[in-house]
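K.L.:
Sequence and predicted structure, then a few things I'm wondering about:
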Amino acid sequence: MWPWGHLAVGYLLYSAFVHVSARRAPDGYATVALALGTQFPDLVDKPLAWTFGVIPNGRSLAHSLIIAVVFLAVLSVLLRLLDRGTVASAFAIGYLSHLLGDALDPLLAGDVYLLGFLAWPLVPAIDYGTEQSFVAHLQELSLAALASDEGLFALLTFCLWLYDGAPGVRVVAAIPRWVGRRLSV
């Protein structure tokens, strides 16, 4: 799944969760945490595998459900101590939705072998039989990929995000000012 597909799945799940449980749209900080969570497994695994070669492939360490549960439990405790439980929940939904997105095709196909990444390191790393590099991955990108079902789904989810008031834009826009204040001290 491409990054925008992971973001779309995560936002749709999180927006529905917030609308049902709190009867409101998602807020900015939680939405930014959600967005980071939807990308987190790839931000960890792809560089560690493809650039540094310290893990077996781009779906192992952070894509493991075992590692995810431990990491999210620790993160949740820390953020709840800082009274940021909503941010912890949003990140967790984003992270877990990423794993769901990557598992969906093998799950629907009944291919248990390709679901093995969820149990790494208890299950040996999967041999995907493809070149593991950012260049090779980006070469697969085409206009057809953007116009696919995943691209259309991302566009529809973008419309939902706009309907929700584009949560997170103000938070991200404030980052340069926040960094500037920290650097000028």
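P.N.:
Here it is on my side, so go on.
K.L.:
what sits up against the helix or strand L108 falls within?
P.N.:
Using DSSP states H and E, L108 sits within helix 85-109. Helix 85-109 is contacted from outside by 1, 5-6, 9-10, 13-14, 17, 26-27, 29-31, 33-42, 59, 63, 65, 68, 72, 75-76, 79-80, 112-115, 117-118, using CB atoms under 8 Å, 6 or more residues apart in numbering. The C-beta positions use only the backbone N, C-alpha and C, and glycine is treated the same way.
K.L.:
Report the mean confidence score over it.
P.N.:
Here helix 85-109 scores 97 as its mean pLDDT.
K.L.:
Go through it and flag the buried ones.
P.N.:
For helix 85-109, the neighbour count (16 or more other CB atoms under 10 Å) marks 86-103, 106 as buried.
K.L.:
Run the chain-centre distance for the helix or strand harbouring R80.
P.N.:
Using DSSP H and E, R80 sits within helix 65-81. Distance of helix 65-81 from its chain centroid, counting by CA atoms, centre = their mean, to the nearest Å, is 15 Å.
K.L.:
Does anything pack onto that helix? Which helices or strands?
P.N.:
The contact analysis (3 or more CB pairs under 8 Å, 6 or more residues apart in numbering; DSSP states H and E) places helix 65-81 against helix 85-109.
K.L.:
where does the spatially most central residue of the chain sit relative to A154, distance-wise?
P.N.:
The centre of the chain sits closest to T38, judged by CA atoms, centre = their mean, with a distance of 1.3 Å. Applying CB to CB, to the nearest Å, the value for T38 to A154 is 11 Å.
K.L.:
what's the overlap in contacts for these two?
P.N.:
The contact lists of T38 and A154 share L7, where a contact means CB under 8 Å, 6+ apart.
K.L.:
Quick check: which ranges of the chain have low pLDDT?
P.N.:
130-147, 185 (pLDDT under 70).
K.L.:
In it, what residue spans correspond to strands?
P.N.:
For the chain, no strands are identified by DSSP state E.
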